[in-house]
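Trainee: below are the sequence and a predicted model for it; my questions follow.
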Amino acid sequence: MSIRIKETKGGVTAARGFEAAGVEAGIKYKDRTDMAVVYSQVPCIGAGTFTTNVVKAAPVLWDRELVEHAPFLQAVIVNSGIANACTGEQGRNYCKRTAGKAAECLHIPENSVLVASTGVIGMQLPIEKIEKGVELLAASKEAGIDAGTRAAEAIMTTDTVSKQAAVTFEIGGKTVTMGGMCKGSGMIHPNMCTMLGFVTTDLAISKELLTKALKEDVQDTFNMISVDGDTSTNDTLLLLANGMAGNPEITEENEDYETFKEALRYINTTLAKKMAGDGEGATALFEVKVIHAATKQDARILSKSVITSSLTKAAIFGHDANWGRILCALGYSGVQFDPEKLELSLLSSAGEILIYKDGTAASYSEEEASRILSQPEVTALVDMKSGEESAAAWGCDLTYDYVKINADYRS
């Protein structure tokens with residue numbers, strides 16, 4: 001992060017004019033919040049990216065239509081516990097009813113209300129509880145960091161921690177703020193899980209450039225994480241901008257636009273890594289950096305091939321420097337390379353160690369390698385020595401608890 005971008009506290013309510021709330025609606029869980037609202041005091045422009053799964057949840061279809069065609073957006077209603085996926089016409093009607101209730105309670109147009117759901121696939125929403133939850137959200141929404149935190153907590157399913165990030169930056173002499181929250185722990189392998197992400201900013205920018213920046217940025221952030229290789233029916237990332245910072249509107253791809261993109265990259269990368277590190281049952285965030293690749297796409301494919309290898313993920317859990325599994329995952333990625341040219345190192349807060357070079361194992365200590373792999377954040381650095389491009393992917397180790405969590409997820 002450059003000096004132009006500064007970290008700050010909060011999430012979706014960090015930017016001017018945004019309010020939020022989290023309430024208990026009793027949708028599936030007991031004794032915990034399970035519905036959230038993100039609301040802007042003024043209309044927003046918006047952009048979104050969505051799951052590439054052919055089986056798309058009803059909220060995805062609703063939001064995609066609004067992002068593309070609604071004149072403006074102003075609120076998002078989110079529920080956890082039930083995904084509203086594979087629910088047919090009734091599920092689609094429930095999106096409309098949810099948005100209609102929010103429009104009534106918030107005094108805004110129905111087509112300015114986005115909806116999002118996460119949880120069990122195939123169950124119908126208890127719409128009366130949802131509508132009651134909307135009433136509670138409208139009555140309790142407020143500005144401030146704490147309100148954003150309550151919203152972030154309310155959208156969790158098997159997540160163990162809420163996930164937020166926020167930054168400030170200068171545009172046209174004005175201080176601009178951007179913040180976000182996301183959830184996701186299992187069924188995480190975005191291609192744009194159950195991944196939901198919401199980013200808000202008080203920046204003034206054209207819808208065209210907002211959309212362009214989001215669709216480009218997601219390729220190197222949320223699309224570079226994987227917990228279990230399953231692309232969800234509900235993956236949604238929404239970006240709302242209300243212009244309340246008062247900066248001159250960004251309408252060209254100039255220096256101000258580059259600063260905005262840098263801030264967006266920081267928010268999306270931070271949230272994506274939080275998701276990867278909180279994978280179901282995970283004990284470690286596992287990062288794969290590929291450097292000196294022939295093309296950017298090669299670097300992306302290679303790094304993600306390793307991050308999705310179940311055998312490699314299991315080795316990370318066992319703190320075992322089984323480099324053959326990493327080489328194997330690189331080899332079946334579909335990218336052509338010379339395995340006798342690349343170098344492979346492992347690094348963490350405990351140090352760095354070269355483990356493969358010139359087509360064979362390097363001289364290294366297994367004990368030292370295990371110590372490096374025993375840290376909560378571990379990186380495999382792959383130097384392809386074939387170009388100038390690089391990419392990073394993020395995942396987690398594969399543990400016994402992942403199976404336990406998913407064996408009885410519906411019960």
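Mentor: In hand now; what should we look at?
Trainee: counting by contacts, list what the longest strand anywhere in the chain packs against.
Mentor: In the chain, taking DSSP state E as the definition, the longest strand is strand 35-50. Using 3 or more Cβ pairs under 8 Å, 6 or more residues apart in numbering; DSSP states H and E as the contact definition, the elements that strand 35-50 packs against are strand 18-23, helix 58-69, strand 73-82, helix 127-140, helix 145-154, strand 196-201, helix 207-217, strand 236-241. In this view, the C-beta of every residue, glycine as well, is placed from N, C-alpha and C.
Trainee: between the ones you listed, which one is nearest to residue 49?
Mentor: Comparing the helices and strands packed on strand 35-50 by their distance to residue 49 (Cβ to Cβ), the top pick is strand 236-241, with 4.9 Å.
Trainee: got the angle for the closest one vs strand 73-82?
Mentor: Here strand 236-241 points in a direction 150 degrees away from that of strand 73-82 (axes from the mean of the first three to the mean of the last three Cα atoms, to 10 degrees).
Trainee: residues in contact with strand 236-241?
Mentor: 18, 38, 40, 44-51, 59-60, 63, 67, 73, 76, 114, 116, 182, 192, 195-205, 210, 214, 218, 222, 264, 268 (Cβ atoms under 8 Å, 6 or more residues apart in numbering).
Trainee: redo the helices and strands packed on strand 35-50 as a markdown table? Include mean pLDDT.
Mentor: Supplementary listing: the helices and strands packed on strand 35-50 in a markdown table, determined by pLDDT from 0 to 100:
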| stretch | mean pLDDT |
| --- | --- |
| strand 18-23 | 98 |
| helix 58-69 | 97 |
| strand 73-82 | 96 |
| helix 127-140 | 98 |
| helix 145-154 | 97 |
| strand 196-201 | 96 |
| helix 207-217 | 97 |
| strand 236-241 | 96 |
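Trainee: format the ones you listed as JSON lines; extra columns: mean neighbour count and distance to residue 107.
Mentor: Output for the helices and strands packed on strand 35-50, formatted as JSON lines (neighbours: other Cβ atoms under 10 Å; distance: least, Cβ to Cβ, whole Å):
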{"stretch": "strand 18-23", "mean neighbour count": "26", "distance to residue 107": "14"}
{"stretch": "helix 58-69", "mean neighbour count": "20", "distance to residue 107": "18"}
{"stretch": "strand 73-82", "mean neighbour count": "26", "distance to residue 107": "10"}
{"stretch": "helix 127-140", "mean neighbour count": "19", "distance to residue 107": "9"}
{"stretch": "helix 145-154", "mean neighbour count": "24", "distance to residue 107": "19"}
{"stretch": "strand 196-201", "mean neighbour count": "29", "distance to residue 107": "20"}
{"stretch": "helix 207-217", "mean neighbour count": "18", "distance to residue 107": "24"}
{"stretch": "strand 236-241", "mean neighbour count": "28", "distance to residue 107": "18"}
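Trainee: so which of these comes closest to residue 407?
Mentor: strand 73-82 (18.6 Å).
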